[in-house]
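this is the structure alone, sequence omitted:
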C-alpha cells in the first residue's frame, strides 16, 4: 500500500513539474499539489524494530526512531555498515552503544549501502539530538520496493508504540 502511494506521489510530482516548467496556467494549484506530493515523499515508514526509512527515487535513508534513541539514552558510539554492503530486510547491520546499553541496528528494507553517515560516526550524539534529520544512519539503493508495504506509517507507528506501554 505504502509503495503504491509513494509511486503515485512520484508520478504526480513529475507530471506537475512538467506542467509548471512549460508555463501552463494555474500554477497556484500546481504548487499546492507539488507540496502535497513532497509531503508524501518525505513520510517516514517504520519497522517494529524502531528503524525508519524515507525513500527518494530508489534510495532509502535509514535511521532510528525518537522512541528508540530515547530508550537508548546518550549514544556514545556508532558502528554503521560499509558502502557496497548488500543487505536483506531485517539483517543486523550495525550497533549503537549508549551509556545505558548497546543496541543492534537492523535494516527495514533490502538493498545495497550507498553511503553511511560519517557525521554520526564522528559525533554519535547526533542520533539523540536529530534522529530524523542529521542523525540518519545510512542510505541504500533498494532492491525490493515491495518491502515498503510491510512497514508502518507514522500514524500506525504511534499506535504500535502505545501497545508497548
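All right, it came through fine. Predicted, not measured: the structure shown is a model, and the values here were computed from it.

lowest confidence element among the helices and strands of the protein?
The helix or strand of the chain with the poorest confidence is helix 27-41; it has a mean of 36 (mean pLDDT, DSSP states H and E).

now the element after it, going C-ward?
strand 45-46 (DSSP states H and E).

show me the shaky parts of this protein.
Applying pLDDT under 70 to the chain flags residues 1-42.

which stretches of it form helices?
2-21, 27-41, 66-72, 118-122, 126-129, 154-163 (DSSP state H).

what is the last one packed up against?
In this structure, helix 154-163 packs against strand 45-46, with contacts taken as 3 or more C-beta pairs under 8 Å, 6 or more residues apart in numbering; DSSP states H and E. For the C-beta atoms, the positions are set from N, CA and C on the backbone; glycine is no exception.

just the residues contacting the strand it packs on, thanks.
2, 52-55, 65, 108, 148, 151-154, 156-157, 160 (C-beta atoms under 8 Å, 6 or more residues apart in numbering).

next: stretch 75-90.
47, 49, 69, 93-99, 105-117, 120-121, 124-125, 127-128, 137-138, 140, 143-144, 147.

the residue nearest the centre of the chain - nearest residue in space that isn't next to it in sequence?
Closest residue to the average C-alpha location of the chain: residue 53 at 2.0 Å, with C-alpha atoms, centre = their mean. Spatially, and ignoring its direct neighbours in sequence, residue 53 is nearest to residue 60 (4.5 Å; C-beta to C-beta, 6 or more residues apart in numbering).

check contacts around that neighbour.
So residue 60 contacts 53, 54, 108, 109, 111, 139, 140, 141, 142 (C-beta under 8 Å, 6+ apart).

how far away is it from residue 123?
23 Å (C-beta to C-beta, to the nearest Å).

what do you get for residue 48?
For residue 48 relative to residue 123 (C-beta to C-beta), the value is 28 Å.

again, but for residue 160
Here the criterion is C-beta to C-beta. By it, residue 160 lies 30 Å from residue 123.

over to residue 97?
For residue 97, the distance to residue 123 - C-beta to C-beta - is 14 Å.

quick one: neighbours of residue 44, just the number.
For residue 44, the neighbour count with other C-beta atoms under 10 Å is 19.
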